[in-house]
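Participant: Predicted model and sequence follow; I will ask about them next.
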Amino acid sequence: MKYYMTETQNKQSWKERVDEVIEAKNLKNAKRQATKKHIFQGTVLNLYSDKNQENLLARKIDGKWRTFQQKEAI
């Protein structure tokens, strides 16, 4: 399955493009790969199920992942 990662300054930020496309079997493995690709200290990682960034699956802030249901992330 494909997951789309963005790295933003804070949780309110939005990017027009996806930073990385992650190919993983499940969300747990996608989170692990995204953590390895994390570049800047103090930024927020976001994982989406689509490249349009409409369905946020998980967000990492201050070293902790939070997983969302589809309705929670909206």
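Facilitator: Good, I have the coordinates. Numbering: from 1, shown residues only.
Participant: what's the following helix or strand after the host helix or strand of Val21?
Facilitator: Element membership of Val21, judged by DSSP states H and E, is strand 20-23. Remark: after strand 20-23, the chain's next helix or strand is helix 27-37, criterion DSSP H and E.
Participant: pLDDT on stretch 60-74, on average?
Facilitator: Mean pLDDT, stretch 60-74: 78.
Participant: ranges for the strands of this structure?
Facilitator: Secondary structure of the chain by DSSP state E: the strands cover 2-8, 20-23, 44-48, 56-61, 64-67.
Participant: Make JSON lines from these and add distance to Lys37 to it.
Facilitator: C-beta here means a position set from N, CA and C on the backbone, and glycine is covered the same way. Below are these laid out as JSON lines (distance: least, Cβ to Cβ, whole Å):
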{"stretch": "strand 2-8", "distance to Lys37": "7"}
{"stretch": "strand 20-23", "distance to Lys37": "6"}
{"stretch": "strand 44-48", "distance to Lys37": "8"}
{"stretch": "strand 56-61", "distance to Lys37": "11"}
{"stretch": "strand 64-67", "distance to Lys37": "14"}
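Participant: Present the ones you listed as JSON lines; the columns should include distance to Ala30 and mean neighbour count.
Facilitator: Shown next, in JSON lines, are the strands of the chain (distance: least, Cβ to Cβ, whole Å; neighbours: other Cβ atoms under 10 Å):
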{"stretch": "strand 2-8", "distance to Ala30": "4", "mean neighbour count": "19"}
{"stretch": "strand 20-23", "distance to Ala30": "5", "mean neighbour count": "14"}
{"stretch": "strand 44-48", "distance to Ala30": "6", "mean neighbour count": "22"}
{"stretch": "strand 56-61", "distance to Ala30": "8", "mean neighbour count": "18"}
{"stretch": "strand 64-67", "distance to Ala30": "10", "mean neighbour count": "12"}
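Participant: Would you enumerate the residues in contact with the spatially closest residue to Leu57 that is not a sequence neighbour?
Facilitator: Spatial nearest neighbour of Leu57, excluding adjacent residues (Cβ to Cβ, 6 or more residues apart in numbering): Leu47 at 4.9 Å. The contact partners of Leu47, by Cβ atoms under 8 Å, 6 or more residues apart in numbering, come to 3-5, 22, 27, 30-31, 34, 56-59.
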